[in-house]
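Asks: Need a 3D model of the sequence below.
(one chain, ligands or ions: 2)
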Amino acid sequence: PKTIYLKDYKAPDYWIDETQLTFELFEDHALVHSRLALCLNTERHAETALPPLVLDGQQLELQKVVLDEQELVEGAYQVDSDSLTLQPSRAQFELALTTRIEPQNNTALEGLYKSGSMFCTQCEAEGFRKITYYLDRPDVMSRFTTTVIAERERYPVLLSNGNPIASGEHEGGRHWVSWEDPFPKPAYLFALVAGDLCLLQDSFTTMSGRTIDLRIYVEPENRTQCDHAMDSLKRSMRWDEEVYGREYDLDIFMIVAVNDFNMGAMENKGLNIFNSSCVLAHQDTATDMAFQRVEAVVAHEYFHNWSGNRVTCRDWFQLSLKEGFTVFRDSEFSADMNSRTVKRIEDVTFLRANQFAEDAGPMAHPVRPDSFIEISNFYTLTVYEKGAEVVRMLHTLLGEEGFRKGTDLYFERHDGQAVTCDDFIKALEDANGADFIQFKRWYSQAGTPRLNVRSEYDAASREYRLHFSQVCPPTPGQPEKQPQVIPVRMALLDRDGNEIPLQLEGKALGNEAVVSITEAEQTLVFENVPNCPLPSLLRGFSAPVKLSYPYSRDDRVFLAKHDPDGFNRWEAAQGLAVDVLQGLVEIHRAGRPLNLDQRLVEVMRSVIADAELDAAMVAEIIRLPSEAYLIELAEVADVDAIHYTREWLRRALAEALRDEMSARYQILAAAGSGAFSAKADAMAARSLKNSLLSYLMLTGEQQVVGWCVRQFVEATNMTDRQAALVALVNSPFEQQREAALAEFAERWAEYPLVMDQWFSIQAAASQPGALDRVRKLMEHPLFTMRNPNKVRALIGAFANQNLINFHALDGSGYAFLADRIIELDRSNPQIASRLVTPLSRWRKFEPKRQELMKTELARIMAQSPLSPDVYEVVSKSLA
Ligand code: HT7
Ligand code: ZN
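Replies: Numbers count the residues shown, from 1 in each chain. Ligands and ions are numbered 1, 2, ... in the order given. Sure thing, here's the model as predicted:
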């Protein structure tokens, strides 16, 4: 497979002004007729020396080529496995093509494919070339008109981008609808849907008074599960007007839910296509987490209408231009809709456990990668989540108002264009008179910087010095790094936890400030500091770095109780738990008995008893750091010791805090037993209640098992029911566990998304024998390797969440995963390639596991054929 480099970018030889498409859909094939109005890119070529036209195309049967109304004979054009080449004779010309494809056999779910009985498309990044020959690159933007023709009975609903302009009947029970999208767009934003769908319809009045027709199309049985998505959509539309001044532009906005989808959703212009897991939400079938995910994904895809569609990417190396910015936008939206601090805690927890691991692994790449083999492999946590952190830092540095000035200029300057991350930065600079030359290293350097901080207090001069040093570890292809701009939001606390006014080099900064660390070594001298303070650093996680300051456990207890900043109170408690767990791992490895640090008990006791504190915050504070995060933090991770000590600590905390936990659980259970509410405080209460239940189940007391079974049976919503099921499945109470699993499966067999949870809970359960259970579940009639949600629910959950079983020392977990990757690579390379991640992290483990993991990677590598997707990740993992 070929590597593509950012440095080789060249503008296209031709542009496509107009694209007219006609799809004839049949059960065993589809015909795609395209009529393209092309013109020479005169900035690259003179009209006297016309270059050949090379169109991208894969897995197509070319039936007809007509150039300027003249049908070309074979030999007048060349076709290979990736392209169609022909020689135009004029600088402006029209090309008409007919291709034949087989959507019903498209298991890769890229291009035009069938999900159940419905036709749908997924064109990002390079799926359009599997529909017809085209200049399938984001900088070629064209006006699309699309006509879809299909049998009326089976496919009453025919959709594409833009506004419907005409429809009619054909003979033989077939009908057609034409759509016109007035906004030029790249092919990756093209979409088509044909199916027997029902509709939830609503409307939205924009800030300029236009009425937008809002439609959510789903399969009939899901009609009652769309209200939350519709509500989220309307709130997103309002938010984007209020916060960014962005108004929706077409007369209609559609969302379609499909069951078979490789990712979460897709922002096609005016016709978003969603994985049904990111649309459907009803309290009987979806958890609070699923509700929040629906809200976030609906917002994310809607926000792309400006950050992605109106202003798009010049090339795929710029992917974070739209994804990092849009993730930042959706996370701010969620923060405004829910608790800001809790949202930030969730995002940071996810980033540190997952993106930091990616940044330290063999696939580490900059937010703007320099090269790739398969672009689908670069829809990564680095491009999305770290990309969002980079935009967040820009927001922090410019402030709310400055950032808005910058984005206004960006949207105005680049509307209708395909641009780069540099263009984005330039707009922010120009609008604010700022200089982000050094800051741009965040786009070009991979790896997570480590920020070490020391302090010194001089009572005589009342000076407090903070010494910062930053270092970024080597990553593939980048042995050395330059210092980056690290914005540190901070305060200094006195002995009562009050913030001391900050005075830095003669300047009064208020009680909290953002200081920029730009050098490899840098010292800040704070003046007029009356007593030796305790620093509260990196508030709100103001930069995606690994901060290290020599806090004692007592310091962390103090900060957990007194830091006025909510995020850093959680951070202190989390740091304490990490420190305690790392200490326990060492003790366990030395074969000594474990002991419980009472300071952690006291921090937890105080928050559990605090009825004033947001219950969601309490739930976050008492949640121990995940095994994945502890593995990420370790130099060489001892999976067994991490699992053992974390479980030991959870049980020890449950026993020590049994009374407080059960008292609060019972209060919350009684308060939550009435009518269901989806409000933030009700969700927070459920989150805490269920976290307490999971601790209490570790005491093994019969009374608690009774509470758990009762919650499972009497739950008025899926959040409570599922939490009780998780607690039972992870308990030793076999009879109750099996009964609950059987009852759940019987009751929800008709609901694929609920059954995904059922598969997932069992795949993630840490008791011995998990792999046999997973193998057996693969035989379940509702499981199929053809559906990405099922693969993620069973295989993904086992490999990513059941670490103790996946890393079994006999190598069985690794061999199982490798078998699934090999099997899946034949039908869906994108999903296969994503499954390689857990094996790619082999360097984190001790030599025996390393060898076993490498053996499986080598076995995958030896397969022929192997998709470029899997080849890229496996070869880079072994390099
Ligand atoms: N922009 C969308 C990307 C996407 C995608 C990429 C590769 C393969 C399948 C895909 N489905 C959707 C999703 C988003 O970030 O909004
Ligand atoms: Zn996106």
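
Asks: Now do the same for residue 21: helix, strand or coil?
Replies: Under the three-state scheme (DSSP: H, G, I helix; E, B strand; the rest coil), residue 21 adopts strand.

Asks: show me the contacts for the nearest residue to it once chain neighbours are set aside.
Replies: Distance criterion CB to CB, 6 or more residues apart in numbering; nearest residue to residue 21, sequence neighbours excluded, is residue 146 at 4.7 Å. From N, CA and C alone the C-beta is placed, and that goes for glycine too. Going by CB atoms under 8 Å, 6 or more residues apart in numbering, residue 146 touches 20-23, 160-162, 178-181, 190, 192.

Asks: Tell me the one among the residues you listed nearest to residue 102.
Replies: Within those, the smallest distance to residue 102 is 13.4 Å, found for residue 23 (CB to CB).

Asks: quick one: which helix or strand includes the closest residue to the closest one other than its chain neighbours?
Replies: For residue 23, ignoring the flanking residues on the chain, the nearest one in space by CB to CB, 6+ apart is residue 148 at 5.0 Å. Under the assignment given by DSSP states H and E, the secondary-structure element containing residue 148 is strand 142-151.

Asks: average pLDDT across that strand?
Replies: Looking at strand 142-151 alone, the average pLDDT works out to 99.

Asks: just the CA coordinates of the helix or strand following that strand, formatted as PDB?
Replies: Using DSSP H and E, the helix or strand that directly follows strand 142-151 along the chain is strand 157-160. Provided in PDB are the C-alpha atoms of strand 157-160 (Å, rounded to 0.1, in the frame of the first residue of the first chain):
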ATOM      1  CA  VAL A 157     -39.100   7.500   1.000                       C
ATOM      2  CA  LEU A 158     -36.300   8.800  -1.400                       C
ATOM      3  CA  LEU A 159     -33.900  11.300   0.100                       C
ATOM      4  CA  SER A 160     -30.800  13.200  -0.900                       C
END
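
Asks: From the rest of the structure, what touches strand 157-160?
Replies: Residues external to strand 157-160 that are found in contact with it (CB under 8 Å, 6+ apart): 144, 146, 148-150, 167, 175-177, 179, 181, 190-197, 199, 217, 254, 256, 271.

Asks: Among the residues you listed, which are located in helices?
Replies: Where these are compared with helices, as defined by DSSP state H, there is no overlap at all.

Asks: of those residues, buried ones?
Replies: Those of the contacts of strand 157-160 that meet the buried threshold are 144, 146, 148-150, 175-177, 179, 181, 190-195, 197, 217, 254, 256, 271, by 16 or more other CB atoms under 10 Å.

Asks: Mind checking which of those are in strands?
Replies: 144, 146, 148-150, 175-177, 179, 181, 192-195, 217, 254, 256, 271 (DSSP state E).

Asks: Go back to those residues and keep what's next to ligand 2.
Replies: Taking CB under 5 Å from the ion as the test, ligand 2 is in contact with none of those.

Asks: Enumerate every residue touching residue 736.
Replies: Contacts for residue 736 were tallied using CB under 8 Å, 6+ apart; they are 705, 708, 709, 728.

Asks: Who wins on neighbours among those?
Replies: Neighbour count (other CB atoms under 10 Å) singles out residue 728 as the most crowded of the contacts of residue 736, with 26 neighbours.

Asks: From residue 743, how far off is that residue?
Replies: Separation of residue 728 from residue 743 (CB to CB, to the nearest Å): 11 Å.

Asks: just residue 779 next, same as before
Replies: Residue 779 sits at a distance of 20 Å from residue 743 (criterion: CB to CB).

Asks: which one is residue 193 nearest to, not counting chain neighbours?
Replies: Leaving aside its chain neighbours, residue 193 sits nearest to residue 159 (4.3 Å; criterion: CB to CB, 6+ apart).

Asks: Report how many residues lie close to that neighbour.
Replies: As a burial measure, residue 159 scores 26 neighbours (other CB under 10 Å).

Asks: next one: residue 869
Replies: Around residue 869 sit 24 other residues, with neighbours defined as other CB under 10 Å.

Asks: residue contacts, the residue in the chain that ligand 1 sits nearest to?
Replies: Nearest to ligand 1, among the residues of the chain, is residue 263, at 3.5 Å (CB to the nearest ligand atom). If you count contacts by CB under 8 Å, 6+ apart, residue 263 has them with 275, 379.

Asks: and this protein, which of its residues are near ligand 1?
Replies: Residues of the chain lying close to ligand 1 by CB under 6 Å from any ligand atom are 122, 124-125, 262-263, 265-267, 300-301, 304, 323, 376, 379, 830.

Asks: ok, those vs residue 638, which is closest?
Replies: Ranked by distance to residue 638 (CB to CB), those are led by residue 379 at 31.9 Å.

Asks: Report the contact partners of that closest one.
Replies: Applying CB under 8 Å, 6+ apart, one finds that residue 379 lies in contact with 125, 263, 319, 323.

Asks: ok, which pair from these is furthest apart?
Replies: Once CB to CB is applied, these give 263 and 319 as the farthest pair, at 13.0 Å.
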